[in-house]
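**Student:** the following block contains a protein sequence and its predicted model.
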Amino acid sequence: MNIHKRLDKIFPVITNPAFLTNKGLGNEIGFYIFDYDPKDEILVRDHTRSLLHKLNSPSVRIKTLEIDLYALVLEILDKKNVLKKISQDEQKVGFEAVIKRLKPILKPEAFIEIIGERISDDVRLIFLTGVGKSYPLLRSHTVLNNLHSIVKKQPLLMFFPGEYDHRELKLFGLFKDDNYYRAFKLIE
């Protein structure tokens with residue numbers, strides 16, 4: 001199925017009352033992944049913005065929170081006053097060394113705390129975006145594993161530029177994350 005048809009199927013699925021209340025999951029968490037070919041990134045971003053606008057509109061009224069992981073990375077680095085120094089450090093010590101230095105700052109707990117603060121009781125759906133942009137600073141399986149503790153009642157939909165086969169996440173179709181079995185594929 002082409003990307004346009006798959007994108008068109010998202011809205012009917014995520015506005016279904018059973019989806020929004022996590023019905024029929026058999027005690028599983030309501031985490032979903034929409035995987036796509038990375039070459040379709042701009043198309044998916046545009047569609048995601050359109051979905052957010054439509055879902056949060058007065059006619060639909062499904063309050064949806066978007067969590068852009070890359071924006072969160074930048075926010076955390078800015079709060080720690082290291083954002084401005086990164087490009088200088090990269091020139092001196094190289095990209096890999098900078099990534100290694102940033103890992104202790106970008107612990108999953110920092111992301112979970114901020115995301116938890118943004119999830120209000122009236123949020124009915126969560127979009128997780130910016131997965132590709134945040135690589136290699138942040139791994140999607142790490143975020144998903146840690147979000148279990150704070151996302152309980154709302155379904156969460158991660159837009160993933162790569163492949164998901166119900167057990168393995170492969171970012172950009174190249175980089176294998178640790179196995180992740182707990183999410184459902186939104187559109188086959």
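**Tutor:** Everything's here; your move.
**Student:** buried ones in stretch 67-83?
**Tutor:** With burial defined by 16 or more other Cβ atoms under 10 Å, the residues of stretch 67-83 counted as buried are Ile67, Asp68, Leu69, Tyr70, Leu72, Val73, Leu74, Ile76, Leu77. (C-beta placed from N, C-alpha, C; glycine too.)
**Student:** want to throw the residues you listed into a markdown table with secondary structure, distance to Pro108 and pLDDT?
**Tutor:** Shown next, in a markdown table, are those (DSSP: H, G, I helix; E, B strand; the rest coil; distance: Cβ to Cβ, whole Å; pLDDT from 0 to 100):
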| residue | secondary structure | distance to Pro108 | pLDDT |
| --- | --- | --- | --- |
| Ile67 | strand | 13 | 96 |
| Asp68 | strand | 16 | 96 |
| Leu69 | helix | 11 | 95 |
| Tyr70 | helix | 16 | 94 |
| Leu72 | helix | 11 | 94 |
| Val73 | helix | 12 | 93 |
| Leu74 | helix | 17 | 92 |
| Ile76 | helix | 11 | 93 |
| Leu77 | helix | 15 | 90 |
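**Student:** and these, which is closest to His47?
**Tutor:** His47 lies nearest to Asp68 out of the buried residues of stretch 67-83, by Cβ to Cβ, at 15.0 Å.
**Student:** ok, the spatially closest residue to that closest one that is not a sequence neighbour - contacts?
**Tutor:** Spatial nearest neighbour of Asp68, chain neighbours left out: Gly130 (3.9 Å); criterion: Cβ to Cβ, 6 or more residues apart in numbering. Gly130 sits next to Ile67, Asp68, Leu69, Tyr70, Ala71, Leu72 when contact means Cβ atoms under 8 Å, 6 or more residues apart in numbering.
**Student:** kindly report the same for Asp35.
**Tutor:** Phe160, Pro161, Gly162, Glu163, Tyr164, Lys185.
**Student:** just the pLDDT for it.
**Tutor:** Model confidence at Asp35, given as pLDDT, is 95.
**Student:** what strands line up against the longest strand seen in the chain, and which way round?
**Tutor:** In the chain, taking DSSP state E as the definition, the longest strand is strand 156-164. Strand pairing for strand 156-164, using DSSP bridges, gives strand 31-36 (parallel), strand 125-129 (parallel), strand 168-171 (antiparallel).
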